[in-house]
Each structure stands twice: as structure tokens, then as C-alpha cells.
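S.K.: I'll drop the sequence and a predicted model, then ask my questions.
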Amino acid sequence: MKTLAEIAGGLPDYDPQALRVAHAQRIIADFIEPLRDRETASLRQALGRVLAEDIPSPIDVPAHDNSAMDGYAFHGSYLRAETPTSFQVIGSAFAGHPYPGKVEAGQCIRIMTGAVMPPACDTVVPQEKVLAQSDTAVTVAAGVVKPGVNRRQRGEDLRAGMVALQAGRLLRPAELGLLASLGIAQIPVQRRLRVAFFSTGDELRSLGETLDPGCVYDSNRYTLYGMLSRLGCEAIDLGVVKDDPVSLDAALRTACAKADAVITTGGASAGDADYLRQAAAAMGDMAFWGMAMRPGRPFAFGRIAYDSDSAYLFGLPGNPVATMVSFYVFVRAALLQLMGAQAAPLPLMRASLQTSVAKRPGRTEYLRGIVAPGADGTLEVRSTGTQGSGILRSMSEANCLVVLDQERGNVAAGEIVDVLLFDGLV
Ligand code: AMP
Ligand code: MG
């Protein structure tokens with residue numbers, strides 16, 4: 001296993017005090033070893049979990065040739081090219097009720113969508129396309145259907161033995177449905193990731209406590225709880241920890257024993273009362289970065305150990321918005337990797353910025369934005385207003401982050417910017 005210093009040394013222009021977002025992301029990804037623990041889950045329990053093994057299909061899907069239309073089934077070789085063809089209707093097939101007899105030359109059956117195609121039939125004419133029909137006969141005009149059409153072939157979605165879902169898939173509603181369609185009730189999933197978190201800062205008060213002068217309620221433990229739960233992690237709340245060496249040591253040891261990863265907020269910068277750096281550095285391989293980004297300059301990452309336990313540590317800035325942005329920019333992908341997920345990077349949308357924004361090159365900026373289709377249907381995005389990194393209300397009003405790349409300078413109204421949406425459909 002490489003050390004953080006060895007990994008960082010491989011980057012051509014590693015600058016720990018003005019670290020590029022992409023560089024930090026790469027170092028974190030190179031350092032993390034996915035968890036291997038797995039367990040069996042029933043299908044419903046598996047929602048939001050990560051598949052631990054490839055799942056081969058036990059059956060052909062569909063299991064039989066079947067009709068894609070409501071209509072009449074026959075063998076296509078009996079269709080005449082130039083003149084209408086008539087067939088005798090000898091029976092019918094419904095979904096779940098196959099036609100038991102034989103279909104011979106000049107004969108057809110009435111067939112419904114999803115019904116099994118009799119062996120001698122390969123073509124379905126949709127009922128609305130026939131020239132004439134009665135209970136006993138149907139006539140098809142020349143050229144209306146080609147032989148072989150409107151039939152779904154056995155195994156056309158999946159053949160038995162083919163991999164239906166690959167290890168690492170995040171299981172969403174579609175995957176549950178797919179597994180159910182294969183008759184699979186139990187699947188191997190990665191163990192749920194345990195993530196402990198605590199807040200540091202003598203000014204922080206927990207809910208239910210009185211707010212002394214100069215104090216603030218701890219909100220980070222609630223945003224973190226929400227973000228971790230949405231990611232399918234077990235969120236372990238270790239409370240508020242005083243900014244002193246003894247308390248921080250104890251909290252990190254507890255976190256090591258209880259969790260696969262630890263998230264701390266506050267105290268990550270090199271301020272006077274920030275003992276977190278010392279405590280974490282003494283327990284493992286840690287890097288303390290100044291990120292070239294806003295919000296979220298201080299960021300710590302590494303792996304700490306105590307006794308036989310160890311955990312990855314993410315030290316996030318304390319400002320409530322910076323905590324959330326840092327989580328989405330760095331921690332989210334790292335936790336997915338740790339839980340064995342093969343997740344594609346989040347898609348960036350492109351939208352035109354409605355108001356100009358002052359920005360200096362040299363850092364990536366994340367603005368809280370509200371994106372919506374404009375009059376012509378293309379996406380437009382506006383800032384939620386003041387971008388102070390303590391203003392959670394703006395995070396609540398926003399439905400996206402506007403991502404302004406490191407190299408970019410001032411952005412004029414009407415320019416196209418990248419947008420990271422908060423909400424997904426599935
Ligand atoms: P720090 O990163 O510890 O220097 O904190 C930066 C700012 O964020 C300070 O104004 C803190 O009071 C505030 N802050 C830190 N942690 C929290 C928290 N858990 N909840 C709300 N505000 C916080
Ligand atoms: Mg603090």
C-alpha cells in the first residue's frame with residue numbers, strides 16, 4: 001500500500017497549499033482500498049446497496065418467443081407478395097395462456113401482447129393493420145407486414161448465463177425490478193459502510209442545549225447525517241468534541257473502533273486552537289491541504305489507526321456550506337469507492353449564467369445556484385445571492401452548484417457554465 005506522500009509525489013505539480021480539486025480527488029482515489037466485506041440481502045433490503053458479485057441470468061429473458069402486439073400470429077412464409085392473404089383463425093393465445101394446438105399452413109391464431117408464439121408462427125400482424133377480420137378468418141393486405149416482425153425473441157434481452165448486473169452496481173429501483181424479473185430473491189451485497197462523524201469547536205451547542213453568548217447550534221452533524229444516509233451509509237454520530245488534544249484523541253480512537261471512515265468538521269485549518277491536525281497526524285498517515293477552491297479551503301485526508309482498528313479520515317472545514325460542498329466534491333466519491341461501487345462521475349449540465357460573477361483564476365469556485373429551463377427551453381442558472389460559506393439558507397434555496405473551473409476568470413452574464421444538479425430522478 002502506498003503512502004499519501006508517495007502518491008502525491010507522483011503528481012507533476014503537487015502543491016499542498018493550493019491543491020487542485022482534481023489532484024486531491026486523484027490522490028484520495030489512489031489511496032482508498034475498497035471494503036471487501038459482504039452479506040446477503042433480500043431484494044427490498046438491497047435498495048441503495050452495492051452489488052458484491054456479478055449476477056448471471058439464470059434464465060433466458062424473455063423465456064419464450066412472444067408477441068409484441070395484439071393481433072394475429074402465423075408463419076410469414078405464407079404471406080403473398082402481390083395480393084392479400086387470408087388465414088383461418090383457429091384459436092387464441094393470451095399472456096399466461098399459450099395456444100396448445102398446432103398452427104398449420106393457411107391458419108393463424110388471435111394473439112395478445114406478451115402471449116407465447118406457437119412454434120410454427122414467426123410473424124404477428126397488429127389487429128389495426130388487417131384488411132378484414134371475423135371470428136373465423138382474417139385477411140392481410142400485401143406488404144403490410146414483413147415475415148418475422150412483431151415477435152420478441154426468446155433471450156433477446158438476456159441469455160441464460162449472461163451477466164445481468166455487474167459487481168459494483170448501485171441498486172436502484174430498476175435493478176430491483178430486473179433481479180425480480182430473473183426470479184432472484186437474494187443477492188450478495190457489500191456490507192453497509194459505517195461512517196462516524198463529529199463536530200469540533202468550543203462554540204458549538206447541540207440541540208436541546210441553551211445557546212450561550214457567542215455560541216452556535218451544530219448543524220453539520222445534521223447535514224452529514226442526511227448526506228451519509230442518502231448515500232446508504234450507516235451514520236454514527238459521535239457528537240460535539242471539544243477543541244482540546246485529550247478529547248480529540250479519545251474521539252478519534254472511538255471512531256476507529258466503530259467505523260470504516262471518520263468525518264470531522266471544523267478545526268482542519270492551521271488556526272491556534274485546532275488540535276485536530278496534531279491528534280490525527282499522530283495516529284496515522286495524514287495530509288493537510290489548502291484546497292484551491294471556494295468554499296472549502298482546508299481539507300484533511302488520510303488513514304488513522306489505533307490498536308487493531310483503522311479508518312479513513314476526512315477532515316472537513318467547519319463552515320456549514322463548506323462542509324457540504326467538500327463532502328460532495330471529495331467525500332461522496334471516496335465513500336462510494338470504499339463501498340465497492342462502480343459509480344460513474346456525476347454528470348455536469350450546461351446552463352447560461354443569468355448574472356455576471358467576479359472570479360479570479362487559480363481556484364475552483366462552487367456557487368449555489370437555481371437552474372431552470374428558460375423561455376426557449378435551454379437551461380438558465382442564477383446565483384442564490386450572497387455566497388458566504390456560513391449561509392445554509394442559500395444551500396437550501398439552491399437546486400444546483402455552479403462549477404467555475406480553476407482557470408476561469410470573471411464570468412459575464414450569458415456565458416455557459418457547468419452545473420451540478422442536487423436532485424436525481426431515480
Ligand atoms: P472552523 O473550520 O472550525 O474554523 O469553523 C469555521 C466556522 O464554521 C466558524 O464560524 C464555526 O463556528 C462554524 N462551524 C464550525 N463547525 C460548525 C458546526 N458543526 N455547525 C455550525 N457551524 C459550525
Ligand atoms: Mg473551529
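M.R.: Thanks, I have it. All values derive from a computational prediction rather than experimental measurement. Ligands and ions are numbered 1, 2, ... in the order given.
S.K.: need the contact list for the nearest residue to V144 once chain neighbours are set aside.
M.R.: Of all residues not flanking V144 in the chain, K129 sits nearest, at 5.2 Å (C-beta to C-beta, 6 or more residues apart in numbering). All C-beta atoms are positioned from the backbone trio N, CA, C, and that covers glycine. Residues counted as contacts of K129 (C-beta atoms under 8 Å, 6 or more residues apart in numbering) are G71, V140, V144, V145.
S.K.: Contacts only, for the last one.
M.R.: Think V145. V145 neighbours (C-beta under 8 Å, 6+ apart): G76, L79, T123, V124, V125, P126, K129.
S.K.: Can you classify the fourth one by secondary structure?
M.R.: Here V124 takes the strand state, with states given by DSSP: H, G, I helix; E, B strand; the rest coil.
S.K.: That one and R110 touch, don't they?
M.R.: No. Under the criterion of C-beta atoms under 8 Å, V124 makes no contact with R110, lying 10.4 Å away.
S.K.: Please enumerate the shared neighbours of those two.
M.R.: Joint contacts of V124 and R110 (C-beta under 8 Å, 6+ apart) are G71, Y72.
S.K.: which of those two has more neighbours?
M.R.: V124 (29 against 20; other C-beta atoms under 10 Å).
S.K.: So which residues of this protein form helices?
M.R.: Ranges of helices in the chain, per DSSP state H, are 4-9, 21-31, 173-181, 220-230, 245-258, 276-283, 320-326, 332-338, 392-397.
S.K.: quick one, which of those is nearest to ligand 1?
M.R.: helix 220-230 (3.3 Å; C-beta to the nearest ligand atom).
S.K.: does ligand 1 sit close to that closest one?
M.R.: Yes. Judged by C-beta under 6 Å from any ligand atom, helix 220-230 comes into contact with ligand 1 at N220.
S.K.: follow-up on the earlier one: let's see the pLDDT reported for the residue nearest to V144.
M.R.: pLDDT, K129: 96.
S.K.: Quick one: name the residues of this structure near ligand 1.
M.R.: 199, 201, 203-204, 216, 218-220, 265-267, 269, 271, 317-320.
S.K.: ok, of the residues you listed, which come out buried?
M.R.: For the residues of the chain next to ligand 1, a burial check counting by 16 or more other C-beta atoms under 10 Å picks out 199, 201, 204, 218-220, 265-267, 269, 317-320.
S.K.: Not counting sequence-adjacent ones, nearest residue to L353?
M.R.: In space, L353 is closest to V417, 4.9 Å off (C-beta to C-beta, 6+ apart).
S.K.: related to what we said a few turns ago, what would the helices of the chain look like in a markdown table with mean pLDDT?
M.R.: A markdown table is the format used below for the helices of the chain (pLDDT from 0 to 100):
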| stretch | mean pLDDT |
| --- | --- |
| helix 4-9 | 96 |
| helix 21-31 | 97 |
| helix 173-181 | 97 |
| helix 220-230 | 97 |
| helix 245-258 | 96 |
| helix 276-283 | 93 |
| helix 320-326 | 96 |
| helix 332-338 | 98 |
| helix 392-397 | 92 |
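S.K.: Dump those into a markdown table; add distance to S383 as well.
M.R.: Output for the helices of the chain, formatted as a markdown table (distance: least, C-beta to C-beta, whole Å):
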| stretch | distance to S383 |
| --- | --- |
| helix 4-9 | 34 |
| helix 21-31 | 20 |
| helix 173-181 | 34 |
| helix 220-230 | 20 |
| helix 245-258 | 36 |
| helix 276-283 | 32 |
| helix 320-326 | 13 |
| helix 332-338 | 23 |
| helix 392-397 | 9 |
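S.K.: closest one to ligand 2 among those?
M.R.: Closest to ligand 2 of the helices of the chain is helix 276-283 (C-beta to the ion; 8.7 Å).
S.K.: how about the closest one: buried residues?
M.R.: In helix 276-283, counting by 16+ other C-beta under 10 Å, buried: L276, R277, A279, A280, M283.
S.K.: One more: stretch 88-99?
M.R.: Buried, per 16+ other C-beta under 10 Å, within stretch 88-99: V89, I90, A93, P98, Y99.
S.K.: For that stretch, measure first residue to last.
M.R.: 15 Å (C-alpha to C-alpha, to the nearest Å).
S.K.: Run through the residues that contact the residue nearest the centre of the chain.
M.R.: Central residue of the chain (C-alpha atoms, centre = their mean): A343, 6.1 Å from the mean position. Shown in contact with A343 (C-beta under 8 Å, 6+ apart): L170, A333, L336.
S.K.: Next, the contact list for the residue of the chain found nearest ligand 1, please.
M.R.: Nearest to ligand 1 in the chain, going by C-beta to the nearest ligand atom, is G318, at a distance of 2.6 Å. Residues in contact with G318 (C-beta under 8 Å, 6+ apart) are S199, T200, G201, N220, T265, G266, G267, A268.
S.K.: Enumerate the strands of the stretch 151-300 of the chain by residue range, in sequence order.
M.R.: Secondary structure of the stretch 151-300 of the chain (DSSP state E, counting those that start in this stretch): strands at 151-152, 163-165, 186-190, 194-200, 204-205, 216-217, 234-241, 261-265, 284-290, 293-294, 298-306.
S.K.: Which residue ranges make up the domains of this protein?
M.R.: According to automatic domain parsing, the chain comprises the domains 4-37+191-338, 39-61+157-190, 66-152, 349-421.
S.K.: mind checking how far the longest one is from the chain centre?
M.R.: By that I understand domain 4-37+191-338. Its chain's C-alpha centre lies 22 Å from the corresponding centre of domain 4-37+191-338 when counted by C-alpha atoms, centre = their mean, to the nearest Å.
S.K.: do the same with the shortest one
M.R.: Here domain 39-61+157-190 shows a centroid-to-chain-centroid distance of 16 Å under the convention C-alpha atoms, centre = their mean.
S.K.: Quick check: end-to-end length of that domain?
M.R.: OK, domain 39-61+157-190 end separation, C-alpha to C-alpha: 6 Å.
S.K.: Need the contacts of G318 in JSON lines (columns: distance to L193).
M.R.: JSON lines is the format used below for the contacts of G318 (distance: C-beta to C-beta, whole Å):
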{"residue": "S199", "distance to L193": "20"}
{"residue": "T200", "distance to L193": "22"}
{"residue": "G201", "distance to L193": "26"}
{"residue": "N220", "distance to L193": "19"}
{"residue": "T265", "distance to L193": "18"}
{"residue": "G266", "distance to L193": "23"}
{"residue": "G267", "distance to L193": "24"}
{"residue": "A268", "distance to L193": "22"}
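S.K.: Can you point out the buried residues in stretch 372-387?
M.R.: L379, E380, V381, R382, S383, T384, Q387.
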